[in-house]
Every structure is written in structure tokens, then in C-alpha cells.
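*Asks:* How does the following fold in three dimensions:
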Amino acid sequence: MDFRYIHLYSDALIDSKTIAKEMAKIFPGCKTDVRSAFKHDDRIERARVADTKQPFERQPKQLNGMVPLYDGFVLQRIFAEMIPAAETDHVHIIFTSLLTCTFSEDDWRYHARAVVCGTPSIISTKGIVEAPAKPREFYLAQLGGMGDVGSIKKRFAGRFIDYGYDRMTAAAIVYTLQALFFFVTDGEPFCEDKSCRLYNAHWQEELIHAVEKGAFCARHRWMANKFNNKRSGKRSF
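*Replies:* Below you'll find the model as predicted:
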């Protein structure tokens, strides 16, 4: 993988230029550009998931009426086919409104994901909202019939990221860094430190905490500097 070139494909829900500027600060030896939204074609429907309790190879052909879900790894292979041959060793990060998911054999079901790391990496802007869980009280209020979704969202405003929130771009930066550290760390991009940008947040409040801290833990800061030293001999931070 030629980490010198990072290509970001924009999405309407986030500010890709702001993300590119942040990546340039952290990885100054890399050339980062922003491209228009990645063009989808009919092939993406091959990644569609109809039954969240069946692995991809057992998916029924008949789709149901639920919110469209796409197997992240199948989608990744489809997107890889669309990347120009001359750039296959570059880093491509595709922001998309498609809701990505991956199948877990732990509980034998699909789970929504905000990021699928690899070549290319996929960051689902819809997944930023839907993948990390909202506060437990939010779901209890729903189950208890304590108002409609709109009023419940107002009650818990600030404790989760929703469509149109300013924090969407900041959260996308977190996931972009995870996608890049997938290559820096040889496939282990997540951190156990809740205050690190690379923390694998399962709850919206954990994601917001990582966003607000806006920093790496000492270990991952060292790893970033080590990577940059190899590239240019300069520390990034």
C-alpha cells in the first residue's frame, strides 16, 4: 500500500475539505485530495442484505421493506473493482450514505458499522448516526411510549449525533483516522483508551467523548510520529 496518496470521496453530510486538512496535519508527508462522491452503479445491489440474521451466502433473493443495509465487505470488493488500475495501491476512503453492516458469528446477526477498513475503506455517514447506540434512556423512552421520536430526540439532544449536526464532520475525522491507522498498525486500528481518537465506540456518548477530546493516546501519538519520521524525518505533532 502506497500511503503517500490518500483520496477522500465526498458525501453531502460531511465537509470533506475539513477532513483533508486534518489528515494533512497528522500525516504531512502524504498527499491528500478530495474527490467528488464515489459513483455507484447497479453492482452495489449485489451487496444488499435482506435478512439480518443470516450470513451473506444465505441471504434470500427477495428484499424486504426495511432500511437498506449493505454487507460492508462485499461492498468493499465491488468498490475495489471501480478504482482505476493505476491507483490500486493508493489509500481510498469512500464516504457514502449507504448503511454498511458486517455479520458477527458471536450473536449470528448483522450489525450496522460506521467504518469498514481496508482497500478501499468505507465510511458510512448514515452509519455514524445509526451504528453507535444512543443512550439507554433513549430506548427506554421509546419503549415506554414517552412521546414521538422527535420529542425524545429533543430530550436527549447533545448525547448523540444526528443528521445535520455539526459534529458529523468531527466524527467522520475519527473514523477516517481509524481507516488510516488500519494501515499504520497492520490491521489493528482501534484503541482501548476511551479518550483516544481511535477508540472503537459502541455508544454515541463514547464517540462524542472521543470527538471532544480530539487527541491520540500516548501510544498512538508515538506510532503516528514514527510513521511520519520514516516518510519525511519530521514530527507531525
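*Asks:* Would you mind measuring from V115 to M82?
*Replies:* Distance of V115 to M82, computed by Cβ to Cβ, to the nearest Å: 19 Å. All C-beta spots, glycine's among them, are computed from the backbone N, C-alpha and C.
*Asks:* and what of S121?
*Replies:* Taking Cβ to Cβ, one finds S121 at 14 Å from M82.
*Asks:* These two: which is more packed in?
*Replies:* The residue with more neighbours, out of S121 and M82, is S121; 24 against 15, by other Cβ atoms under 10 Å.
*Asks:* I'd assumed H111 was in a strand, is it?
*Replies:* Yes - secondary structure of H111 (DSSP: H, G, I helix; E, B strand; the rest coil): part of a strand.
*Asks:* Find the nearest non-adjacent residue to the residue most central in space within the chain, please.
*Replies:* Nearest to the mean C-alpha position of the chain, by Cα atoms, centre = their mean, lies V115 at 2.7 Å. Residue nearest to V115 in three dimensions, not counting chain neighbours: Y175, with 4.3 Å by Cβ to Cβ, 6 or more residues apart in numbering.
*Asks:* Tell me who's in contact with that neighbour.
*Replies:* With contact set as Cβ atoms under 8 Å, 6 or more residues apart in numbering, Y175 has these partners: A114, V115, I123, I128.
*Asks:* Output those residues in CSV; the columns should cover distance to G29 and pLDDT.
*Replies:* Below are these laid out as CSV (distance: Cβ to Cβ, whole Å; pLDDT from 0 to 100):
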residue, distance to G29, pLDDT
A114, 27, 97
V115, 23, 98
I123, 22, 98
I128, 28, 97
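*Asks:* and the two most separated of those?
*Replies:* V115 and I128 (8.8 Å; Cβ to Cβ).
*Asks:* one step back: would you reformat the contacts of Y175 as JSON lines and include secondary structure and distance to P135?
*Replies:* JSON lines is the format used below for those (DSSP: H, G, I helix; E, B strand; the rest coil; distance: Cβ to Cβ, whole Å):
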{"residue": "A114", "secondary structure": "coil", "distance to P135": "17"}
{"residue": "V115", "secondary structure": "strand", "distance to P135": "22"}
{"residue": "I123", "secondary structure": "strand", "distance to P135": "23"}
{"residue": "I128", "secondary structure": "helix", "distance to P135": "16"}
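*Asks:* I figured P189 was touching Q178, is that so?
*Replies:* Yes - contact criterion Cβ atoms under 8 Å: P189 and Q178 qualify, at 4.6 Å.
*Asks:* Between these two, which contacts overlap?
*Replies:* Shared contacts of P189 and Q178, defined by Cβ under 8 Å, 6+ apart, comprise C117, L198.
*Asks:* Secondary structure of the residue nearest to V115: a helix, I assume?
*Replies:* Yes - using three-state DSSP, the secondary structure at Y175 is a helix.
*Asks:* Tell me who's in contact with I78.
*Replies:* R43, I44, R46, A47 are the contacts of I78 under Cβ under 8 Å, 6+ apart.
*Asks:* same thing with K17?
*Replies:* V34.
*Asks:* Quick check: it vs H90, distance?
*Replies:* Distance from K17 to H90, by Cβ to Cβ: 19 Å.
*Asks:* check contacts around Y9.
*Replies:* S16, R35, S36, A37, F38, H92, I93, I94, F95, T96.
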